[in-house]
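# have a look at this fold, sequence not included:
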Ligand SMILES: Nc1ncnc2c1ncn2[C@@H]1O[C@H](COP(=O)(O)OP(=O)(O)OP(=O)(O)O)[C@@H](O)[C@H]1O
Ligand SMILES: [Mg+2]
C-alpha cells in the first residue's frame, strides 16, 4: 500500500452545531433550558489567557469561561457532547455537530485546558481587577503535538482522563489509548494520535468533498482502491449527523462506513411492490419521520442498487416529503464503481443499472471520477487491474497472472484465503477445514442488544452470531484495531491458542507480525425508525474461504482464487483488486474468458470520459449550486 500522507495541522476550532444551555440549581435539577439552533461555538482565550467558549449566531453572542468542567463525550460519533461547567452550574449540550470537527474540538478543549494548568495556571482575582489590559478574545491555535505530549505526560492533569472514572457516560479512552501506544513487543512508544495527524485527502478527493459541501447531488466513482469509501467516511464526518443518513447497498459495505443498508433506510421492503404500495409503506409514521428528517443521503456501493428500486425510492422521496424536487429535495451523495459487481437479479429478470433510469438523470447534478489508486502501489499490477476492469486482458497479462499460481503466499502458518465465486462453497470449505483440525471447538456466542433482531444484525454486521474456533483456525480480522500495526479490517492470521480464564479469548498471530489476544468488539447499526442495535462479538471470521461478493470493498492480505466459474461481469476484477500486489495473490484457472465488463457500463463510462474531455476543452470548471445536469470527471 502507498505510504500515507499526513495532514500538517488542524484548523482553528470553530464548531457549527445546536447548543442547549441548561441552568441547574444546587441539587443538580434543571431550572431553565434554552436552545440555540444553527450557531457556531468558538474556542478562544481572553486578555488573561483564560479559556473561553464563545457562542456566535446572528442574534446572540455569549461567552462561557471554561475553568472547572467535565466533558461527556460518549456520543461524539453522533455529533453530541456535553460540557458541564461545575463552578457556574451550567450544562452546555452540543448536538448536530459534524462528528470529525466535534472530536477535534473536544480534544483541543481538553488539551488546551490541561496545558494552561501546566504552564502556570490562572491569574488571581486582584490582578484581574487592577488590570488595564483591554478586553479581548483570540481564537485558539490548533493543538500541537508538543502540547498533546505535555498533556499525555501529565496525564493526571488532563480533564478527560482525570475525570473519566467519575463520569458515568464518559467513554473509556484509557484502554484504547493503551492499545494504540504499544508496539508489537508491548513497549510504550509515543504516537501521534490520528486526530492530530489525519491522513490527507488527495486533491481529487478534496474536490469531491468541496462539491458535496456545496450541496449538489453527486455521484463519484473510480476504480477499486481509489479511496471512495475512505472519502465517504470523511464526508460523513463533515455533515451534520442528525440529518445525514449513511447507507450502502449491502450490509457489509454499510458496516464499513458506519451506516445501514439502503433497504433499511427506505422502509419499502424489497421494493418489488408497485410505486403506490411503496409510498404507503414508507408513509408509516416512524419511516416517514426518517424520510422527512433526511437532508443528505449517502449510498456506498451504488453499483449494486437495482435501477427499479432507485426509481421507486425517488418517487417515494417526493411523495412522503411532499416536495416535487428530485428525491424530495434530499441531497444525494452516491459512490461506487459500476465496473465492479452489478445488482443481484433472479434468473430471467432484466438487469437495470441505476444510471440507466430517468430518476438518475433527474437527480444527479455531477459525476466525478477518482483516478489515483491507493490500495496497490505496484504499477504493473495497477495496469493489469485497469485493463481487466474494462474487460480486456492481453495475452501477456494472462501469462503474468498465471505465473502467480506458483507464489508462496503462506507464511508463519497463515494460509491464503480462497476467494469463491459461489457462496455455498465458502461455508463448506471453512467447515471442512475446521473439522480436520485436532483439538476442541471453542464457541463464541455474540451478545445482541435485541435477540429478536439477530437476523438483522447477521445481515448488517460482518460477524456471525456463533463463531467456532480451534487452535490452527485460519481467521480474518473484521475491524480496524490498530491501523499503525497492521491490525486492520481484512488482516489475515491464525489462532495460536486461547487465554486461560472465563472468557478464553483467542490469541492470533497475524501476517503483519503481531501476535495478540483478540477481545470482544461492538458493532452498532441503525434499525428502522432510527433505533440503534448492538452486537458484541470477536472481530474474527473463519478465513480458509471467503465469497467474492462479501469481499467487495475490502483489502485482503493474501488470497488465492479460482476464477473459471465467474458468472458476473466485474466479478474477476473485484476478486483480483482486493490484493495489494502481485506477490500476495495466487490465481488458479485463469484465462481471458474470466474477464468481463458489462457493455452498458462501458458505454456509461465512455460518456463520462467524453464529458471530461469536452469540459477540459472548453473552460475551467466552476462549482456552482445553480448548475444542473453537468458532468465533471477528473
Ligand atoms: N487519501 C488517502 N490517504 C491514505 N490512504 C488512503 C487515502 N485514500 C484511500 N486510502 C487507502 O486506500 C485503501 C483503499 O481505499 P478504499 O477502500 O476507500 O477504496 P475504494 O475506492 O472504496 O475501493 P473499493 O472500490 O474496492 O471499495 C484503504 O486502505 C484506504 O485507507
Ligand atoms: Mg469501497
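Arrived safely. If you're wondering where the values come from, they're calculated on a predicted model, not measured in any experiment. Ligands and ions are numbered 1, 2, ... in the order given.
# what residues does the stretch 301-450 of the chain have near ligand 1?
Residues of the stretch 301-450 of the chain lying near ligand 1 by Cβ under 6 Å from any ligand atom: 337, 374-375. Placement of C-beta: from N, CA and C, glycine included.
# in this structure, which residue is closest to the centre?
In the chain, the C-alpha nearest the mean C-alpha coordinate belongs to residue 257, at 2.9 Å (Cα atoms, centre = their mean).
# how long is stretch 283-300 end to end?
25 Å (Cα to Cα, to the nearest Å).
# then stretch 374-384?
15 Å.
# what sits against the residue in the chain that ligand 1 sits nearest to?
Minimum separation of the chain from ligand 1 (Cβ to the nearest ligand atom) falls at residue 227, amounting to 2.7 Å. Applying Cβ atoms under 8 Å, 6 or more residues apart in numbering to residue 227 gives the contacts 202, 205, 370, 372, 374.
# what stretches of the stretch 451-600 of the chain score poorly on pLDDT?
For the stretch 451-600 of the chain, the stretches with pLDDT under 70 are 527-530.
# how about the helices in it?
Remark: helices assigned in the stretch 451-600 of the chain by DSSP state H, counting those that start in this stretch are 454-460, 548-551, 571-576, 599-618.
# including distance to residue 129 and mean neighbour count, could those helices go into TSV?
Formatted as TSV, those follow (distance: least, Cβ to Cβ, whole Å; neighbours: other Cβ atoms under 10 Å):
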stretch	distance to residue 129	mean neighbour count
helix 454-460	60	18
helix 548-551	68	22
helix 571-576	71	26
helix 599-618	64	14
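# let me have the ones you listed in CSV, adding distance to ligand 1 as columns.
Formatted as CSV, the helices of the stretch 451-600 of the chain follow (distance: least, Cβ to the nearest ligand atom, whole Å):
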stretch, distance to ligand 1
helix 454-460, 18
helix 548-551, 9
helix 571-576, 7
helix 599-618, 14
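# picking that back up, can you select the buried ones from the contacts of residue 227 in PyMOL?
Of the contacts of residue 227, the buried ones go into a single PyMOL selection, burial set by 16 or more other Cβ atoms under 10 Å:
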select buried, resi 202+205+370+374
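# could I get the contacts of residue 227 as TSV with secondary structure and pLDDT?
Below are the contacts of residue 227 laid out as TSV (DSSP: H, G, I helix; E, B strand; the rest coil; pLDDT from 0 to 100):
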residue	secondary structure	pLDDT
202	coil	92
205	helix	95
370	strand	95
372	coil	93
374	coil	92
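# tabulate the helices of the stretch 451-600 of the chain in a markdown table, adding columns for distance to ligand 2.
Listed next are the helices of the stretch 451-600 of the chain as a markdown table, based on distance: least, Cβ to the ion, whole Å:
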| stretch | distance to ligand 2 |
| --- | --- |
| helix 454-460 | 17 |
| helix 548-551 | 11 |
| helix 571-576 | 11 |
| helix 599-618 | 17 |
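# okay, those helices in JSON lines with distance to residue 420 next?
Below are these laid out as JSON lines (distance: least, Cβ to Cβ, whole Å):
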{"stretch": "helix 454-460", "distance to residue 420": "19"}
{"stretch": "helix 548-551", "distance to residue 420": "7"}
{"stretch": "helix 571-576", "distance to residue 420": "9"}
{"stretch": "helix 599-618", "distance to residue 420": "24"}
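# just the closest residue of the protein to ligand 2, please.
The chain approaches ligand 2 most closely through residue 229 (3.3 Å), counting by Cβ to the ion.
# the helix or strand where that residue lies - contacts with which helices or strands?
With elements taken from DSSP states H and E, the one containing residue 229 is helix 228-238. Helix 228-238 is packed against helix 99-118, helix 203-213, strand 218-222, strand 296-300, strand 331-335, with contacts defined by 3 or more Cβ pairs under 8 Å, 6 or more residues apart in numbering; DSSP states H and E.
# need the contact partners of the very next helix or strand once past the fourth one.
The element immediately downstream of strand 296-300 (helix or strand, assigned by DSSP H and E) is helix 307-321. Among residues not part of helix 307-321, those counted as contacts by Cβ under 8 Å, 6+ apart are 262, 266, 268, 271, 275, 278-279, 282-283, 287-288, 291-292, 323-330, 343, 352-360, 362-363.
# what parts of the stretch 151-300 of the chain come near ligand 2?
Residues of the stretch 151-300 of the chain found near ligand 2 (Cβ under 5 Å from the ion) are 228-229.
# residue ranges of the helices in the stretch 151-300 of the chain, please?
For the stretch 151-300 of the chain, the helices defined by DSSP H, counting those that start in this stretch cover 159-164, 173-180, 203-213, 228-238, 251-256, 262-266, 275-282, 285-293.
# quick one: average pLDDT of the second one?
In other words, helix 173-180. Averaged across helix 173-180, the pLDDT comes to 35.
# now do the fourth one
With pLDDT averaged residue by residue, helix 228-238 scores 92.
# list the buried ones in it?
Buried-residue list, helix 228-238, by 16+ other Cβ under 10 Å: 228-237.
# tell me the confidence at residue 122?
With respect to pLDDT, residue 122 has a value of 59.
# mind listing the helices for the stretch 301-450 of the chain?
Counting by DSSP H, counting those that start in this stretch, the helices of the stretch 301-450 of the chain are 307-321, 358-363, 379-389, 395-403, 423-436.
# relative to helix 379-389, how tilted is the fourth one?
The directions of helix 395-403 and helix 379-389 differ by 110 degrees, with axes from the mean of the first three to the mean of the last three Cα atoms, to 10 degrees as the criterion.
# which residues are contacting helix 395-403?
380, 384, 387-388, 393, 576, 582, 587, 590-592.
# one more pass at 7 Å, please.
Residues outside helix 395-403 that contact it (Cβ atoms under 7 Å, 6 or more residues apart in numbering): 384, 387, 587, 590-592.
# by neighbours, which of those wins?
Neighbour counts for those, by other Cβ atoms under 10 Å, peak at residue 587, which reaches 25 neighbours.
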